[in-house]
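Engineer: Predicted model and sequence below, questions to follow.
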Amino acid sequence: MESYLNENFDVKAKHSSEEVLEKWRNLCGVVKNPKRRFRFTANLSKRYEAAAMRRTNQEKLRIAVLVSKAAFQFISGVSPSDYTVPEEVKAAGYEICADELGSIVEGHDVKKLKFHGGVDGLSGKLKACPNAGLSGEADQLSKRQELFGINKFAESELRSFWVFVWEALQDMTLMILGVCAFVSLIVGIATEGWPQGSHDGLGIVASILLVVFVTATSDYRQSLQFRDLDKEKKKITVQVTRNGFRQKMSIYDLLPGDVVHLAIGDQVPADGLFLSGFSVVIDESSLTGESEPVMVNAQNPFLLSGTKVQDGSCKMMVTTVGMRTQWGKLMATLSEGGDDETPLQVKLNGVATIIGKIGLFFAIVTFAVLVQGMFMRKVSLGTHWRWSGDEALELLEYFAIAVTIVVVAVPEGLPLAVTLSLAFAMKKMMNDKALVRHLAACETMGSATTICSDKTGTLTTNHMTVVKSCICMNVQDVAAKGSSLQSEIPEAAIKLLLQSIFNNTGGEVVVNKHGKTEILGTPTETAILELGLSLGGKFQEERQSNKIIKVEPFNSTKKRMGVVIELPEGGRIRAHTKGASEIVLAACDKVINSSGGVVPLDEESIKYLNVTINDFANEALRTLCLAYMDIENGFSADEAIPSSGFTCIGIVGIKDPVRPGVRESVQLCRRAGIMVRMVTGDNINTAKAIARECGILTDDGIAIEGPVFREKNQEELLELIPKIQVMARSSPMDKHTLVKQLRTTFDEVVAVTGDGTNDAPALHEADIGLAMGIAGTEVAKESADVIILDDNFSTIVTVAKWGRSVYINIQKFVQFQLTVNVVALIVNFSSACLTGSAPLTAVQLLWVNMIMDTLGALALATEPPNNELMKRMPVGRRGNFITNAMWRNILGQSVYQFIIIWLLQAKGKAVFGLAGSDSTLVLNTLIFNCFVFCQVFNEISSREMEEIDVFKGILDNYVFVVVIGATVFFQIIIIEFLGTFASTTPLTLTQWFFSIFVGFLGMPIAVGLKKIPV
């Protein structure tokens, strides 16, 4: 079975081709209810629609760009447009409507933009300020929203409970049983009268309704859980200036006229126009499929919603929101395309298909044998040409039994149990600070064998402070000296240092609406800006006194950032750079000495500074070097910032403490067979110090630098990679190469953490991409499968634990359901063949189906994880889903249950002294009761597939206890009070004790089976 499943029902957890997804769908035969079975699978037709939309967008934009280029040549001859402002827009105080705004940006219409007075003219017509943003009271903002729209795309409405009831009724076998029940009612009432003749028919109808309502309730609850998770996924905030203050705001609250601040890794939240910024490069592939990045500046100011900032930073003014943008329309279509189905869902669809075909064969043979037995009986009596109403009812009952065998035999609940378990796990993981974006990640994380983790913010707290510095060749303890440090540095050096800190930064110092000073930016930028403020610097004064000519933002490849400014005195040009200490120091040929003078950087000074860098790094400090140079022969914004000839101002050591609990989490991973590797852009000594503190770097492990790793050939990598525990000074491509090698060459299941734009390739390549919720950029989150909301490594371990729990819970449910399938099939088939009748009626089989399908899934697929899970080795990439241990348990329990039921059929009447007209009914009731109690106790035994103690933690899972309690309660009701509908009769205390004892006996047998090695 496993090889057949691997060949035909094997999909990847990520990036499966459309052909593979189509293939398994076409192989699915014997599907009782396609609407329910394929509810949580991707809608491929909607995906094709979205791809077509992207192609259309690409063509539209291509034409728009060509037209705008042509328009530049004739811009001087712009004639007044025939645009007239709609009356309702005029009445609200605006001079432009939403449609006109949309056509300017979406069509890249330079002519229209010029006609409306450019970006400044448009901001005036929108009653917005390019500096202070929107202003006004809530009622004015809501009026603006009414006119220009809300920044949300259309979503499918939440389906009501009755829709799920209707879908549950689409089950083909239930429909056939419904028809059988209707015919049974007609024939029964015609022959036996009301109400005696209606009992069989009404019993089937009641059973169908019970199955439908329980199924619909379970499905409806799942849909609510997914809806809640979808809401969480969409919580995206951006930096916005409104009412003159910079603030964080949800993208759904944006309105035309808002001023949005964008940086590397951000997703453009609405259509808009460029106001100001530097080196802005936009990736439009998500909208158009076009991989060529686009430069955005004052000449090409158009920014489209859904595109991503690949480089640079800027301010933009929002013009068009929500469904008026192409992105809104595309997202509305894409959201209907749904998530890819998970590997387990597909695999269990395969299992359901195989068993369904076997069940269909058995059902047809059972029906044929029962009809043949009846016909032979009539032939022997010579009545084969005369048929009574009772015989017609008997024939109908045989047909109903055959259909019900299909109901029980087709384990429709298997793939749905995966979804139930995943929905439950995702909801719980949300409470544990992990937001799952793709269902498959839950499963895959349970098989993870390697975690490649960032250092900053994941293993450390990301609360950074400058604690040591080496400015003007003097090492100082900043944390101890505080503000007195200012007096120990020459005035000229202080001036240069503050100029470097406040101009060469991606952060900002602002006054918030409460009048307090607030530092915005990454933790590293914040730490350096705090140093500048403590040295008496004034951010706004420094920024206003210099004119910024060019900015090169920090990126992981260069490992430094730079700025070129024009100084107020005499218009001199100066470049500042900061970044990885050894890289910036290598670009310096001069240094500021202890008296504040600039001197050549000789070998002794270089050695002293390198020793200082290593000393800081060995104390687990992150080191940055700041440097400057005066540019003599002028500078153009199109030129690159020089890469050498700088003067070193100083080196700072930044403390970022290790998170509490990380060491314990790393040890837990090691015990669970998961290797943790640190991949960081930091100095190797800093990385080694932190890795030792976390317990990642051991005596037999290797720490390597990215440039060294890059130079290795494939043969060397084969020997090296298994030993690598730390990779420092790594570039995004080093990380990508390591992940690819681990996955392909070493067959590892790899989880990777990332927070920056440049981490996207590695997150995409990994089996599980984990993005940081706090420090992560939108691009990283978009490429990830799970978002770690608190950026904590311990949360990653929790995700691994939940992943294992999901995998094992589904295995437990499969083991339990296949046992019921096998026994129910064999009992009814063998009985029909040997005695000419079936001991389990249609109503009874429907009840059994509900126990094993919906209720069984609820009980076993929602078990919470326990610490024992992290003491097992991971399944890895090649593990069989249905293991030998599972087959052992399934076959052992099936044989035991079949022997018990067969003995009861053969010797039951004699053992219990049953005689008289109702003896067969009592025996069949006893068989039914024993069968159900065997399932109840087998469900308890299925809580552990290998462990003996199945009661451990049973009370922690209240769902399991409630399901078992409800099953026993309703079984008593069915036997004692619903005999006329369920074809049962009340049992004596002895018979009840025997039924429970037979069920309980399955538990010691399960213990014996678990001792058999496989």
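Structural biologist: Received, thanks.
Engineer: how about low-confidence regions in the stretch 901-1014 of the chain?
Structural biologist: Counting by pLDDT under 70, the stretch 901-1014 of the chain contains no low-confidence range.
Engineer: in it, which spans are strands?
Structural biologist: Counting by DSSP state E, counting those that start in this stretch, the stretch 901-1014 of the chain has no strands to list.
Engineer: Okay, helices next: where are they in it?
Structural biologist: 919-941, 958-977, 979-982, 989-1010 (DSSP state H, counting those that start in this stretch).
Engineer: Domains in this structure, by residue range?
Structural biologist: 1-50, 86-151+254-335, 172-225+346-425+804-1011, 434-460+659-791, 465-655 (the TED database).
Engineer: What does residue 107 show for phi and psi?
Structural biologist: Note on residue 107: its backbone torsions stand at phi -90, psi 10 [degrees, to the nearest 10].
Engineer: and it, how many residues sit next to it?
Structural biologist: 18 (other Cβ atoms under 10 Å). Heads up, the C-betas are built off the backbone N, CA and C, glycines and all.
Engineer: How much space separates it from residue 296?
Structural biologist: For residue 107, the distance to residue 296 equals 16 Å [Cβ to Cβ, to the nearest Å].
Engineer: circling back to that earlier point, closest to residue 244 out of the domains of the chain?
Structural biologist: Closest approach to residue 244 among the domains of the chain is made by domain 86-151+254-335 (4.1 Å; Cβ to Cβ).
Engineer: what about that closest one, distance to the chain center?
Structural biologist: Chain-centre distance of domain 86-151+254-335: 29 Å, with Cα atoms, centre = their mean, to the nearest Å.
Engineer: now swap in stretch 457-474 and tell me
Structural biologist: Computed by Cα atoms, centre = their mean, the chain-centroid distance of stretch 457-474 equals 34 Å.
Engineer: for stretch 959-974, same thing?
Structural biologist: For stretch 959-974, the distance to the chain centre is 35 Å (Cα atoms, centre = their mean).
Engineer: just stretch 886-900 next, same as before
Structural biologist: Distance of stretch 886-900 from the chain centroid (Cα atoms, centre = their mean) equals 38 Å.
Engineer: That one: which residues count as buried?
Structural biologist: Buried positions in stretch 886-900, judged by neighbour count with 16 or more other Cβ atoms under 10 Å: 886, 888-890, 892-894, 896-897, 900.
Engineer: which of the domains of the chain is buried the deepest?
Structural biologist: Mean neighbour count, computed with mean count of other Cβ atoms under 10 Å, is highest for domain 434-460+659-791 among the domains of the chain, reaching a mean of 21.
Engineer: so for that domain, what's the average pLDDT?
Structural biologist: For domain 434-460+659-791, the mean per-residue pLDDT is 88.
Engineer: how long is it end to end?
Structural biologist: One end of domain 434-460+659-791 to the other measures 9 Å (Cα to Cα, to the nearest Å).
Engineer: try stretch 767-782
Structural biologist: Terminal residues of stretch 767-782 are spaced 15 Å apart (Cα to Cα).
Engineer: chain center to that stretch, what's the gap?
Structural biologist: 10 Å.
Engineer: now swap in stretch 543-559 and tell me
Structural biologist: Its chain's C-alpha centre and that of stretch 543-559 lie 35 Å apart, by Cα atoms, centre = their mean.
Engineer: now stretch 250-263
Structural biologist: Centre-to-centre, stretch 250-263 and its host chain are 26 Å apart (Cα atoms, centre = their mean).
Engineer: i'd like the first residue to be 895 from this point on
Structural biologist: Happy to do that; since the first residue is 895 now, the last one works out to stretch 1144-1157.
Engineer: distance between the ends of it?
Structural biologist: Chord length of stretch 1144-1157, first to last residue, is 16 Å (Cα to Cα).
Engineer: Residue nearest the middle of the chain, spatially speaking?
Structural biologist: residue 1331 (2.1 Å; Cα atoms, centre = their mean).
Engineer: For the stretch 995-1144 of the chain, which segments count as strands?
Structural biologist: Under DSSP E, counting those that start in this stretch, the stretch 995-1144 of the chain gives strands at 1131-1136, 1139-1144.
Engineer: Which neighbouring elements make contact with the first one?
Structural biologist: The one in question is strand 1131-1136. strand 1139-1144, strand 1153-1156 (3 or more Cβ pairs under 8 Å, 6 or more residues apart in numbering; DSSP states H and E).
Engineer: Comparing those by mean pLDDT, which bottoms out?
Structural biologist: Lowest mean pLDDT within the helices and strands packed on strand 1131-1136: strand 1139-1144, a mean of 85.
Engineer: buried sites along that strand?
Structural biologist: In terms of neighbour count (16+ other Cβ under 10 Å), strand 1139-1144 has its buried residues at 1140-1141, 1143.
Engineer: okay if I get those residues as TSV plus distance to residue 1218?
Structural biologist: Output for the buried residues of strand 1139-1144, formatted as TSV (distance: Cβ to Cβ, whole Å):
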residue	distance to residue 1218
1140	26
1141	25
1143	19
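Engineer: ok, of the residues you listed, which one's closest to residue 916?
Structural biologist: Using Cβ to Cβ, the buried residues of strand 1139-1144 come closest to residue 916 at residue 1143, 42.4 Å.
Engineer: who's in contact with the closest one?
Structural biologist: With contact set as Cβ atoms under 8 Å, 6 or more residues apart in numbering, residue 1143 has these partners: 1131-1134, 1136.
Engineer: got the helices and strands packed on strand 1131-1136 as TSV, with distance to residue 916 columns?
Structural biologist: Listed next are the helices and strands packed on strand 1131-1136 as TSV, based on distance: least, Cβ to Cβ, whole Å:
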stretch	distance to residue 916
strand 1139-1144	38
strand 1153-1156	39
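Engineer: Got the confidence number for the residue nearest to residue 1676 when sequence neighbours are not counted?
Structural biologist: Leaving out its chain neighbours, the residue that sits closest to residue 1676 by Cβ to Cβ, 6 or more residues apart in numbering is residue 1161, at 6.9 Å. Looking at residue 1161, its pLDDT is 88.
Engineer: what's the answer for residue 907, then?
Structural biologist: Note for residue 907: predicted pLDDT of 67.
Engineer: quick one: which of the helices and strands packed on strand 1131-1136 is nearest residue 1837?
Structural biologist: The closest of the helices and strands packed on strand 1131-1136 to residue 1837 is strand 1139-1144. By Cβ to Cβ, the value is 43.1 Å.
Engineer: Can you check what angle separates that closest one from strand 1131-1136?
Structural biologist: For strand 1139-1144 against strand 1131-1136, the angle by axes from the mean of the first three to the mean of the last three Cα atoms, to 10 degrees is 140 degrees.
Engineer: partner strands of strand 1139-1144, parallel or antiparallel?
Structural biologist: Its sheet considered, strand 1139-1144 pairs with strand 1131-1136 (antiparallel) by DSSP bridges.
Engineer: Only the buried residues of the partner strand, if you could.
Structural biologist: 1132-1136.
Engineer: Out of the residues you listed, which is nearest to residue 1576?
Structural biologist: For the buried residues of strand 1131-1136, the minimum distance to residue 1576 (Cβ to Cβ) is 26.4 Å, reached by residue 1133.
Engineer: which residues does that closest one contact?
Structural biologist: Contacts for residue 1133 (Cβ under 8 Å, 6+ apart) come out as 1140-1143, 1154-1155, 1414.
Engineer: Model confidence for the closest residue to residue 1448 other than its chain neighbours, exactly?
Structural biologist: Nearest non-adjacent residue to residue 1448, counting by Cβ to Cβ, 6+ apart: residue 1455, 3.8 Å away. The per-residue pLDDT reported for residue 1455 equals 91.
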